[in-house]
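In: Sequence first, predicted coordinates after that:
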Amino acid sequence: MYCHECGTKNDKDDDFCSECGTKLEKEDLKKPMSSKTKIIIITCISLIVIFAGLFLTGKYLTGPKRIAKDYIDALVSNNVDKLYNYLNIEGDKTFISKSIFKQILSEENKTEKIKNIDIKDVEYSDDKTEATVNFTYTVEGKDKEYNDDLTLVKSDDKKFIIFDDWKVKDFDSSNMILKDYEIRVNKDSKITFLGIDVKDKYKDKEKSTTTEDVYIIPQVFMSESDMSIKLSNGLEVKTKVYPTNYSKTYKFSFNKNLLTEEQNKLIEDEAKNTVNTIYNGIVDNKSDEDLKLTIDDFKDVYSEIKDDLDDKTLTKFDVTDISLYSASIDSENNLKIKLRIKYDYTIKYKSFDEEKTNESDSSDYITFIYKVDNGEFSIKSIDDLDLYFSKYF
């Protein structure tokens, strides 16, 4: 190394010139960086910046605030596609399809129009498995600002391998879908659930008996659902069911509320006309053949009514009111109807050789057995037809 002042040669380790004492300027022995090295360093720094940006973006998009905002927006806008995807449904979707989900939402989501949703703070549980997102909103037509919370839970899965997967706590398949819903109906009945025919593949042959068929529907929404049951005799009844975790089985039991207004009126009118025909036949002293009623054992029934009158003579009879009291289906798929009737009557009778007349009214119950053929009703038999006629009141 040479001194730049006097030109004396010095050792490379010397800091000062051995001749003049001037501080030596050492040469930079480092080699200049190559272009290839510079490119590699720049590329690495760029990748780090990109990955950091992607990570922060991914963390935001999968975080509780964003999940909550997306869910609330979907709920308010009734976005069926997004909401249905939140359920993560697997397995048989026949009775939990997107179209059925849309139908349920349209019936249940009849709320006021929500606006100005603003996501606020997030509070985590101690174990970090739950996040409560606070938000505010307004309702169209109202000045007040409302405050509410939405709870999310962290699933065991990950999104994009590294991000937490947050789900809305009260909006998942376990809270909205019931598995293995059981329906028990009369033998050889046909079921339509939410407008979809329940096929034989859902029939549980082990649980079914000689009088009852049992169907197991794999998955149904826990929501009020329309169901139609067509019995083997052709009688079709419509009802509503509400599957829940506390009501996992529906057992068909016929009652008067399952009859339509039209069927109810038909039954009452036919019963009223039949009772009037029978008792006015007695008033007019007609035979059972004259009445031409195709009712089982009618000859014996008509004779018993006459005998029950004993020493009374019926001179006037009229049913003033009739109403359906109860209804059921017997073992032969006949319709058993109990009716309450009110009637006016006039009788004549003798009291100590004196002929007397009593005009009065009364009420009683009569049971009609209707044969049902392809949905059409016809009276098969009548029980408790012998009405009471008092002499004294």
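Out: Thanks, I have the structure now. Numbering: from 1, shown residues only.
In: Please, which helix or strand holds Lys69?
Out: helix 64-76 (DSSP states H and E).
In: make that Asp118, sorry
Out: strand 114-124.
In: and that strand, average pLDDT?
Out: Averaging pLDDT along strand 114-124 gives 89.
In: Strand partners (parallel or antiparallel) of it?
Out: Neighbouring strands of strand 114-124 in its sheet, by DSSP bridges, are strand 130-139 (antiparallel).
In: who's in contact with the closest residue to Glu130 other than its chain neighbours?
Out: Distances taken as CB to CB, 6 or more residues apart in numbering place Val153 nearest to Glu130, at 5.5 Å, with adjacent residues excluded. For glycine as for every other residue, the C-beta is placed from the backbone atoms N, C-alpha and C. Residues near Val153 by CB atoms under 8 Å, 6 or more residues apart in numbering: Thr129, Glu130, Ala131, Trp166, Lys167, Lys169.
In: From the chain's centroid, how far away is stretch 342-356?
Out: 60 Å (CA atoms, centre = their mean, to the nearest Å).
In: returning to what we had before: same list, the contacts of Val153, but as JSON lines with pLDDT and distance to Leu54 please.
Out: Listed next are the contacts of Val153 as JSON lines, based on pLDDT from 0 to 100; distance: CB to CB, whole Å:
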{"residue": "Thr129", "pLDDT": "91", "distance to Leu54": "26"}
{"residue": "Glu130", "pLDDT": "90", "distance to Leu54": "27"}
{"residue": "Ala131", "pLDDT": "90", "distance to Leu54": "22"}
{"residue": "Trp166", "pLDDT": "83", "distance to Leu54": "19"}
{"residue": "Lys167", "pLDDT": "82", "distance to Leu54": "23"}
{"residue": "Lys169", "pLDDT": "80", "distance to Leu54": "28"}
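In: could you flag which of the residues you listed are buried?
Out: Buried subset of these (neighbour count, 16 or more other CB atoms under 10 Å): Glu130, Ala131, Trp166, Lys167.
In: What's the separation between the residue nearest to Glu130 and Trp166?
Out: From Val153 over to Trp166 the distance is 7 Å, taken as CB to CB, to the nearest Å.
In: anything in contact with each of the two?
Out: Residues touching both Val153 and Trp166 by CB under 8 Å, 6+ apart: Ala131.
In: how far is the helix or strand containing Val49 from where the chain is centred?
Out: Assessed by DSSP H and E, Val49 sits inside helix 35-61. Put simply, helix 35-61 sits 51 Å off its chain's centre (CA atoms, centre = their mean).
In: between it and helix 64-76, how many degrees?
Out: 50 degrees (axes from the mean of the first three to the mean of the last three CA atoms, to 10 degrees).
In: Quick one: list the elements packing against the helix or strand harbouring Ser363.
Out: Taking DSSP H and E as the criterion, Ser363 maps to strand 354-373. Contact partners of strand 354-373 among helices and strands, from 3 or more CB pairs under 8 Å, 6 or more residues apart in numbering; DSSP states H and E: helix 261-283, strand 313-329, strand 335-351, strand 376-383.
In: still on that earlier bit, could you let me know which of the buried ones among the contacts of Val153 ends up closest to Lys159?
Out: Lys159 lies nearest to Trp166 out of the buried ones among the contacts of Val153, by CB to CB, at 8.8 Å.
In: how close does the closest one sit to Tyr388?
Out: 74 Å.
In: For the closest residue to Phe193 other than its chain neighbours, report the pLDDT, please.
Out: Nearest-residue entry for Phe193: Met227, 5.3 Å, with adjacent residues in sequence omitted and distances by CB to CB, 6+ apart. At Met227, the model reports a pLDDT of 96.
In: The one 3 residues further on too?
Out: The confidence metric pLDDT takes the value 93 at Lys230.
In: now swap in the one 3 residues further on and tell me
Out: Each residue has a pLDDT score; the one for Asn233 is 88.
In: Report the contact partners of it.
Out: Asn233 neighbours (CB under 8 Å, 6+ apart): Asn333, Asn334, Val372, Asp373, Asn374, Gly375.
In: sorry, back to before: can you redo the buried ones among the contacts of Val153 as CSV with distance to Gly63?
Out: CSV is the format used below for those (distance: CB to CB, whole Å):
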residue, distance to Gly63
Glu130, 14
Ala131, 9
Trp166, 7
Lys167, 13
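In: Angles on the backbone of the spatially most central residue of the chain, please.
Out: With distances taken as CA atoms, centre = their mean, the chain has Ser223 as the residue nearest its mean C-alpha position (2.0 Å). In this entry, Ser223 is assigned phi and psi values of phi -150, psi 160 (degrees, to the nearest 10).
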